[in-house]
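Trainee: Sequence first, predicted coordinates after that:
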Amino acid sequence: MSTNPFNRILSDVTDPTDWKDTKVPDLAVLDSLERCYICKEFFRAPVLTSCNHTFCSQCIREYLISNNLCPLCKTELFESSLKRDILLEEIVACYSSIRPRLLELLKTEKNSNNDNNEKKEESGSVEKANISEQSTSNTEVCYSPQQNLINDSHKRSSHRDNEEVIEVLSDDERERVSTSSSSPELLGEPAMKKVKIESSHNETLDAIPGREDLVTCPICSTSMSAEELQTRHIDDCLNGRITSRSKPQQLQKKRPSPRAGIASFFKKKDTSPLGTSSISSVSRGAQPLGHSDFYFKEVEKHVTETKKLSKLDFASLTTPRLKEKLAAFKLPIQGTRNQLELRYNQYYVLYNSNLDSNHPVSDKILKHKLNQWEKSHSAFNSESANLFSSRGTISNRSITAKNFSVKEWLDVYQDEFRELIRTARASVAKERKERKKEQAPREEVVETEPTVFKPDAVSPASTPQEIGSTKSVDGGTSSDLTFELDMGSSMLFDSNDTT
Amino acid sequence: MSTPAKRRLMRDFKRMQQDAPSGVSASPLPDNVMTWNAVIIGPSDTPFEDGTFRLILQFDEQYPNKPPTVKFISEMFHPNVYASGELCLDILQNRWSPTYDVSSILTSVQSLLNDPNISSPANVEAANLYKDHRSQYVKRVRETVENSWNEDDFDDDDDDDEDEN
């Protein structure tokens, strides 16, 4: 498995198991509770169903286009009953922004002081430590994770809000990542550097919200991240100890009227932009608020009554009428009837789920997402329609094609399978060992020797290890395996009817 | 690498790497995350015990809203597995839920092994033997288990159990 090239990308994928090797492994529970059961990512614009389950708005709306049951409990479910969960969205945003810092602080490895390697910390992986040992004073401890916070929230937001746009951004992203991780920097004047990078990044993505934004210090009026302001700068500023790094003048030009983040807690009421916003609720997300700020202060936003798009009854809609509908939303009207319907439905999902977000994006971005979606959808793309053909390289072959050759497959992927068998065997062996330990006291009571399954006929040479070692184990069937599974998987066991 | 389906599959992969259920393993092809190879070890105390059954899972861009195609490429003798290796499992068809992932699919297939549904069999002979001549059934299954080992190339992995612990 270690040879699989996808392993390299895995460190960028956050998972509840990242907490396994920390001082508080139970944070894995919190971590998984804040994830959507469909996409397994942190909730984006979470909505509550009538059966009290929570999903990302987009995930569940996409699913409900062709289904009407809750994916978790199979209760009948209507899209109209979905209710957005404002508090949860802020909790998740807050959690995922402090997550890398927490991971770093709670890591059990002894090099937990290497807190300026944000890549490592984001991924929670241990190997990437390419940083020199630092003596870490208190201020640095409090300081460095700070940068990581900025970086992570940046990263997080680009993952969460711009997922579909990521191809467009990827160069930018890479550049940013390489700039920030290759600079020797970090203890000298890092915050400013980071902010600059982020800001130049923003120029290209101007309308994209969700990222940790800059706020203005109420005392000296310089711009910085809300976290920096709140945790450090505000005290410095009040005490007259202002460091040179807090004067990124150009930034102010770029962000003429940043909305207050957490910093607005420190502001006088009259400077708050609350209520003065003339921007439509769809584009105002470009300047996100601090988490608690949004929840407590922007009360009026909690009842967004912006009109949701309605589902179209395609059966009673002629193609010209459908095109009119699409044109009314300034959507492309070319393509087959099927493509038009798919396009409308996807826009409908994107649009309505965007309205469930505390930080909605502009219509332009929605259309970009729609475009990206079409590019990957087989119905819009003759190439990907044949994604798995019966010809071509073996890795792209359809496994259901008539001429699919099992022998050839086994041959090509011999090494992969060997590795998989090794891994699977190891996990069985491990489980048996653990179970034996647990069962040890009761062992003599158990008398379930399943002699009938004993592979007598097999010569010892071809018998895999472990085979003889398990016969007295508790008669456990596969159902015992469920104990490790999450809810989604254990549901599978309720329904093993086969067709 | 940026479609929702691919992102989800990378997540599934990470989950399999970090926290795979006992007796199953899976990984995407090195050059195509949409197709996975997988192995299920036959559960203990069943006729399938210790068999090393190979499968392929093929996903499309609608995943996880649509289930993958799952197919055994090891020889199987099971009431719900067709001669082609394709299997008949409700959760891979009409009872699919987008909350499932690779890990839960494989666990589900694993539990199907010893818990066949014989009401609508894909392999009639296996279903009949299972119903009426269980010892015959067990014998046939044991043959497939042994054959699954023969597919293994054991010449260079003598004691691999400790490798991954």
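Mentor: Perfect, I can see it now. Treat the numbers as computed from the prediction; the structure is a model and nothing was measured. Numbers count the residues shown, from 1 in each chain, chains lettered A, B, ... in the order given.
Trainee: Compute the number of surrounding residues for residue 41.
Mentor: Since no chain was named, I'll use chain A. As a burial measure, A:E41 scores 22 neighbours (other Cβ atoms under 10 Å in any protein chain shown). The C-beta positions use only the backbone N, C-alpha and C, and glycine is treated the same way.
Trainee: Wait, chain B was what I had in mind.
Mentor: B:I41 is flanked by 27 other residues according to other Cβ under 10 Å.
Trainee: Can you report phi and psi for it?
Mentor: Main-chain dihedrals, B:I41, degrees, to the nearest 10: phi -90, psi 130.
Trainee: if I pick it, what's in contact with it?
Mentor: If a contact means Cβ atoms under 8 Å, 6 or more residues apart in numbering or on different chains, then B:I41 has A:I421, A:A424, A:R425, A:V428, B:G23, B:V24, B:D50, B:G51, B:T52, B:F53 as its contacts.
Trainee: Which of these fall in strands?
Mentor: B:V24, B:T52, B:F53 (DSSP state E).
Trainee: quick one: which of the residues you listed is nearest chain A?
Mentor: Minimum distance to chain A across those is 5.0 Å, recorded for B:T52 (Cβ to the nearest Cβ).
Trainee: Take the ones in strands among the contacts of B:I41 and, keeping just the buried ones, write it as a ChimeraX select command.
Mentor: The ChimeraX command for the buried members of those (criterion: 16 or more other Cβ atoms under 10 Å in any protein chain shown) is given here:
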select /B:24,52,53
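Trainee: circling back: tabulate the contacts of B:I41 in TSV, adding columns for pLDDT and distance to A:L370.
Mentor: Shown next, in TSV, are these (pLDDT from 0 to 100; distance: Cβ to Cβ, whole Å):
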residue	pLDDT	distance to A:L370
A:I421	94	43
A:A424	93	41
A:R425	92	46
A:V428	91	46
B:G23	94	42
B:V24	95	37
B:D50	92	50
B:G51	94	47
B:T52	94	45
B:F53	95	42
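Trainee: Looking at these, spot the one nearest B:K139.
Mentor: Distance to B:K139, by Cβ to Cβ, is smallest for B:G51 among the contacts of B:I41, at 13.8 Å.
Trainee: That closest one - how many residues pack around it?
Mentor: Neighbourhood size, B:G51 [other Cβ under 10 Å]: 26.
Trainee: can you check the one 5 residues further on too?
Mentor: Other residues within reach of B:I56 by the criterion other Cβ under 10 Å amount to 24.
Trainee: Regarding it, what is its secondary structure?
Mentor: Assigned by DSSP: H, G, I helix; E, B strand; the rest coil, the conformation of B:I56 is strand.
Trainee: Let me see the contact set for the residue nearest to it when sequence neighbours are not counted.
Mentor: Spatially, and ignoring its direct neighbours in sequence, B:I56 is nearest to A:I399 (4.8 Å; Cβ to Cβ, 6 or more residues apart in numbering or on different chains). Counting by Cβ under 8 Å, 6+ apart, A:I399 makes contact with A:F388, B:T35, B:I56, B:Q58, B:T69, B:K71.
Trainee: do the same with A:L309
Mentor: Neighbour list for A:L309: A:Y347, A:Y348, A:Y351, A:N352 [criterion: Cβ under 8 Å, 6+ apart].
Trainee: want to throw the ones in strands among the contacts of B:I41 into a markdown table with distance to chain A?
Mentor: Listed next are the ones in strands among the contacts of B:I41 as a markdown table, based on distance: Cβ to the nearest Cβ, whole Å:
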| residue | distance to chain A |
| --- | --- |
| B:V24 | 6 |
| B:T52 | 5 |
| B:F53 | 10 |
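Trainee: related to what we said a few turns ago, among the contacts of A:I399, pick out the one closest to A:N68, please.
Mentor: Once Cβ to Cβ is applied, the member of the contacts of A:I399 that ends up nearest A:N68 is B:T69, at 24.6 Å.
Trainee: now the helices for chain B?
Mentor: With helices called from DSSP state H, chain B shows them at B:4-19, B:102-113, B:124-132, B:134-151.
Trainee: could you dump the ones you listed to JSON lines with distance to chain A and mean pLDDT?
Mentor: Shown next, in JSON lines, are the helices of chain B (distance: least, Cβ to the nearest Cβ, whole Å; pLDDT from 0 to 100):
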{"stretch": "helix B:4-19", "distance to chain A": "4", "mean pLDDT": "92"}
{"stretch": "helix B:102-113", "distance to chain A": "3", "mean pLDDT": "95"}
{"stretch": "helix B:124-132", "distance to chain A": "10", "mean pLDDT": "94"}
{"stretch": "helix B:134-151", "distance to chain A": "6", "mean pLDDT": "91"}
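Trainee: Residue ranges of each domain in chain A, please.
Mentor: Segmentation of chain A into domains, based on automatic domain parsing, reads A:131-302, A:314-377, A:407-492.
Trainee: B:I40 and B:V81, how far apart?
Mentor: 12 Å (Cβ to Cβ, to the nearest Å).
Trainee: quick one: A:D31 from A:P16, how far?
Mentor: According to Cβ to Cβ, A:D31 stands 4 Å off from A:P16.
Trainee: cool, A:L340 as well?
Mentor: Between A:L340 and A:P16 the computed distance is 40 Å (Cβ to Cβ).
Trainee: ditto for A:F78
Mentor: 31 Å.
Trainee: ok, for B:P121, nearest residue in space, not its chain neighbours?
Mentor: Counting by Cβ to Cβ, 6+ apart, the nearest residue to B:P121 once its immediate chain neighbours are dropped is B:A127, at 3.5 Å.
Trainee: burial of the nearest residue to A:K40 once chain neighbours are set aside, as a residue count?
Mentor: Leaving aside its sequence neighbours, A:K40 sits nearest to B:R11 (Cβ to Cβ, 6+ apart; 4.8 Å). Using other Cβ under 10 Å, B:R11 is surrounded by 21 other residues.
Trainee: ditto for B:D31
Mentor: 12.
Trainee: Isn't it up against A:S395?
Mentor: Yes - taking contacts as Cβ atoms under 8 Å, B:D31 lies within contact range of A:S395: 5.1 Å.
Trainee: Name whatever forms a beta bridge with B:P28.
Mentor: With DSSP bridges as the criterion, B:P28 is bridged to B:W36.
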